[in-house]
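1. pasting a predicted model and its sequence here:
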Amino acid sequence: MKPVIVRNVAIGEGIPKICVPIVGRTREEIAAAAEALKGLPVDVVEWRVDWFKESGEFIAVKEVLEILRKMLGDMPLLFTFRTAAEGGEKAIEGEAYRELAVKAAQTGLIDLLDVEVFLGDELVKAVIGAAHSAHVAVIGSNHDFDGTPSDEDMMTRFKKMRDLGADILKLAVMPRDRKDVLRLLTVTETIDRESPDHPVIIMSMSGTGAISRLCGEVFGSALTFGCVGRGSAPGQIEVRELAEVLKVIHGGYDDDIQTASHRGR
């Protein structure tokens, strides 16, 4: 797989990277959440802008980005406005979404931009193009809180993200039962094998799907979301516990790969 390298983090290579969302409503809450990350096993920080009460004022958004950039140093920053239609805190018109995303990318303060791929193809292409022009990598995303689509539908969603120009493909779904979790993992293995230049992020939400946040490396998921305090989605695991489990699975997975390599000689 060809990883997406953001600052000093290679997404799609080795142990899955851990991303922690910041969901504060005020500048003070956001800064406190960033401060709480110091010393923790975090690779990427996501700012969920839809939680910010001043998200409609770009001057305020940029000021927060400047605060976060200073506090995070070389840690990659993911900028996300999750729309209400996909589980976010606020609704937003398409043009306002485009303007916010493009302006954020052009600040030079963010490293990754989350773009919801079902906002309209032309809008999505415009945002992705502007992000790439600003040297910002794009996570094409889709979140389904109503259930887990068919295998064919999930593959179609992944391919849409890829075809629209996203660098990383992200799909989050809600399981109705354990079989839904297994289906998501199977589809993840398929898209990972078919699109090796596009790292994949998946999660099956809620407690039933928590295992998908832990075993992603085995099936091809390159990044997982953990929480410090308040999480941003159902089923998120505390970041220190998450890091420990990922290390254990990574060790066993590495052993299997090395054993298979020796057998092939």
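-> Here it is on my side, so go on.

2. who does residue 170 bridge with?
-> residue 141, residue 201 (DSSP bridges).

3. ok, it - contacts?
-> Contacts for residue 170 were tallied using Cβ atoms under 8 Å, 6 or more residues apart in numbering; they are 114, 139-142, 161, 200-202. In short, each C-beta sits where N, CA and C put it, glycine included.

4. quick one, helices of the protein?
-> 27-35, 58-72, 94-106, 121-133, 151-163, 178-194, 216-219, 239-263 (DSSP state H).

5. hmm, back to that, from the contacts of residue 170, pick the one nearest residue 8.
-> residue 139 (18.2 Å; Cβ to Cβ).

6. any idea which of the helices of the chain has the lowest pLDDT on average?
-> Lowest mean pLDDT of the helices of the chain: helix 239-263, a mean of 69.

7. residue 177 and residue 190, how far apart?
-> 21 Å (Cβ to Cβ, to the nearest Å).

8. with residue 43 instead?
-> From residue 43 to residue 190 the distance is 26 Å (Cβ to Cβ).

9. that older thread, and residue 177 and residue 190? Which one has more around it.
-> residue 190 (16 against 9; other Cβ atoms under 10 Å).

10. now do the same contact list for the more buried one.
-> So residue 190 contacts residue 155 (Cβ under 8 Å, 6+ apart).

11. what about 6 Å?
-> Residue 190 makes contact with no residue under the criterion Cβ atoms under 6 Å, 6 or more residues apart in numbering.

12. ditto for residue 194
-> Residue 194 neighbours (Cβ under 6 Å, 6+ apart): none.

13. could I get the helices of the chain as TSV with distance to residue 88?
-> What follows is those, written out as TSV (distance: least, Cβ to Cβ, whole Å):
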stretch	distance to residue 88
helix 27-35	16
helix 58-72	15
helix 94-106	11
helix 121-133	16
helix 151-163	18
helix 178-194	21
helix 216-219	23
helix 239-263	22
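
14. quick one: closest of these to residue 171.
-> helix 151-163 (5.9 Å).

15. just list what that closest one packs against, helices and strands only.
-> The contact analysis (3 or more Cβ pairs under 6 Å, 6 or more residues apart in numbering; DSSP states H and E) places helix 151-163 against strand 168-173, helix 178-194.

16. gap between the closest residue in space to residue 183 that isn't next to it in sequence and residue 103?
-> Excluding the flanking residues, the one nearest residue 183 by Cβ to Cβ, 6 or more residues apart in numbering is residue 151, at 5.8 Å. Using Cβ to Cβ, residue 151 is found at 38 Å from residue 103.

17. what do you get for residue 40?
-> On the measure of Cβ to Cβ, residue 40 and residue 103 end up 30 Å apart.

18. residues in contact with the residue nearest to residue 211 when sequence neighbours are not counted?
-> Spatially, and ignoring its direct neighbours in sequence, residue 211 is nearest to residue 181 (6.5 Å; Cβ to Cβ, 6+ apart). Residue 181 makes contacts with 175, 204, 209, 212, as judged by Cβ under 6 Å, 6+ apart.

19. good, we can wrap up now.
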